[in-house]
Structures are given as structure tokens and as C-alpha cells.
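> Generate a structure from the sequence data that follows.
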Amino acid sequence: MGHQAEANARVPLPIRNGVSPSYLWITETLAGGMLRFLNARFPDIAGPSWLDRMARGEVVDAQGTPLAPDSHVRSGMRIWYYRELIDETPIPFKEQILFQDEHLLVVDKPHFLPMIPTGRFLHETLLVRLKHKLALPHLTPIHRLDRETAGVVIFSHNLDTRGRYQSMFQKRVVRKVYEALASPIPERECPFTYRSRMVDGDKFFVMKEEEGEPNSETLVEQIERRGDLVRYRLHPHTGRKHQLRLHMASLGAPILNDAFYPVALPCKGDDFSAPLQLLARTISFEDPLTGQERSFTSERELAWPDQSA
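From the prediction side, this is the model:
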């Protein structure tokens, strides 16, 4: 699919309802016209959809000239268009803005809401919601949370200072604290540090552990226990994909309602009844512009299940 527009590129289409235009480079000259090319390039999109977009002037070249069904397809062209989804499922949970200045936007993300447009999610993503609500055209996340995870996430909306804040995460000087609900960890006494070597799993969307030099590290603390569940405080000292979820599953205490670990379960689609009980509670760092210590904390709470039955 086409890529989201780079903030510093010349973009011939404006942001529409929070959605930035996407673009596609054409790498070969083809006969048959633009409509034929688009139908072949995007077989899952019905032909009438491209006709409608062209009629609205929403498929353009790099100069902003609207393209027609019979427009020539030439190698080296870059075409711009809006990604569209039909019948996108509303996600009935709202984000909360925790902080905003001329550089950063800090948001408390709900469970189930994806960070950025991908797959079957477009308008129902945190980035598009915020762009639409706040009219911040250069907004971009400087780190990510899984769709299933709630909590604090930081965005940049200033091109001049974005790199300074991104470098904090690259240098691993940002301190993150998570909370999770899970079973008691067998044969372990908290606090302790768990290390393992994480690699891509057999399925593209999960990770796994293997023998070898550890490349992931998590400090595990216990906050409280209620019946058969424990609330943990987790400090990831590295930032591997799904690190906390895989580490807890490997310790014999998978996070409550985790549909990926220890075993990837069938997709629940739009079932919002059992959110993953993992929360990005706090992010702290020394501001690279001012040297000031900053800390942001989620106002959400994990949901203890009723264990009285």
C-alpha cells in the first residue's frame, strides 16, 4: 500500500478529517491508463471506488494535478490519494490529553485503539483522532504502544525539535513503568530481573525466546495481591516488541486476557469485552531542551475481575 505522507515533503493534498494523504511511486511505464493500473495494484479495492475518488479530484500527481481514468502511467511518477475504508468499526473508548506544549502532546491511550492507520483501522486510530481534533498537521508518535495496551504515549508536533525527543528513546534514557494483572509467578520472589533473548516468532505478529545472549531485560515488582491475581509493576530496561507480554508468559504468569501469549488465540474481531490488563503507567525523562525532569502518569486503572464466584 502507499505510505503515509512525510511531514517535510511537499504534499499536494491537505489533511482530511485527520487523515494524511498517502502516496505511491510508480516504477514502470504501463499502457491502459491510471484506472487499470490502480485496479491491478489494489485488487481489494473496487473499481468504482477509484472512479469516485478521481471524480472528486482526490487522486493527483506530485504537482497536484487531478488524474483521470485514462491518464498515462509513467515510471518515476508519484501519485497521491486518500486511503478509505468502508464500514470501519467504531472503537467505543476515548483518549485523554494529559499535557500539551509547543513541542509535545502526551496522551492517555485506551485499550483497543491502534496508534496509527494500519489494516482495517483508519479513522479509529489515535493519530487520526488527534489530528482531526486538534488540527496538528505535523503530529507523529515518537514511540508506540500495542493496540491492546493502554496508557501514556508521547507525540511530537514540532518538526524543529522532533529529533531531539526521538533521540531519547533511541538512547534508552526514557524511564517507563507499566502495571499488569497476572497470576502469581511460580518459584520467584519479587523483586527480580528477568532477561532473555527475544527473536521474531513463527507467526509475523508474535515474538519468541531462544537460547543465546540476552537482548531484553525487565525488572518485576509485586504491588498487591487479591485472591489468585497479582498486580505487578514492570520496568522494561529494553524496548523489544511485546517484551512484557512475552516475559510474563515465559515466567508462567501470562498477563490477564492476553490473546497472543503464551499461545496466539483466534482473532476476536471487534470483541471489546476483555481488554489486556497491561497499562503504561508512567513515562519519565530529562527534557533534552530544558534539562528539566518530566514525568507523565496515566489516570486509568486496571480492571480486577470478580473472583467471588
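> Next, the residues that contact stretch 73-84 from outside, please.
1-2, 5, 11-13, 16, 19, 21-34, 37, 49, 53, 58-62, 67, 117, 122 (C-beta atoms under 8 Å, 6 or more residues apart in numbering). The C-beta positions use only the backbone N, C-alpha and C, and glycine is treated the same way.
> Kindly check the end-to-end length of that stretch for me.
22 Å (C-alpha to C-alpha, to the nearest Å).
> Next: stretch 275-293.
OK, stretch 275-293 end separation, C-alpha to C-alpha: 32 Å.
> That stretch: which residues count as buried?
Across stretch 275-293, burial judged by 16 or more other C-beta atoms under 10 Å covers 275, 276, 277, 278, 279, 280, 281, 282, 283, 285, 288.
> just stretch 230-242 next, same as before
Buried residues in stretch 230-242 (16+ other C-beta under 10 Å): 230, 231, 232, 233, 234, 235, 236, 240, 242.
> Next, the contact list for the nearest residue to the fifth one once chain neighbours are set aside, please.
Excluding the flanking residues, the one nearest residue 234 by C-beta to C-beta, 6 or more residues apart in numbering is residue 178, at 4.3 Å. For residue 178, the contacting residues are 151, 233, 234, 235, 236, 244, 278, 279, 280, 281, taking C-beta under 8 Å, 6+ apart as the criterion.
> Extract the CA atoms of the host helix or strand of the last one and return them as PDB.
Under the criterion DSSP states H and E, the helix or strand holding residue 281 is strand 278-286. Output of strand 278-286 as PDB, limited to C-alpha atoms (Å, rounded to 0.1, in the frame of the first residue of the first chain):
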ATOM      1  CA  LEU A 278      -1.400  -4.100  30.800                       C
ATOM      2  CA  LEU A 279      -1.100  -0.400  31.400                       C
ATOM      3  CA  ALA A 280       1.800   2.000  30.500                       C
ATOM      4  CA  ARG A 281       1.500   3.800  33.900                       C
ATOM      5  CA  THR A 282       4.400   6.400  33.800                       C
ATOM      6  CA  ILE A 283       7.000   7.800  31.400                       C
ATOM      7  CA  SER A 284       9.800  10.000  32.800                       C
ATOM      8  CA  PHE A 285      12.800  11.700  31.300                       C
ATOM      9  CA  GLU A 286      15.100  14.700  31.400                       C
END
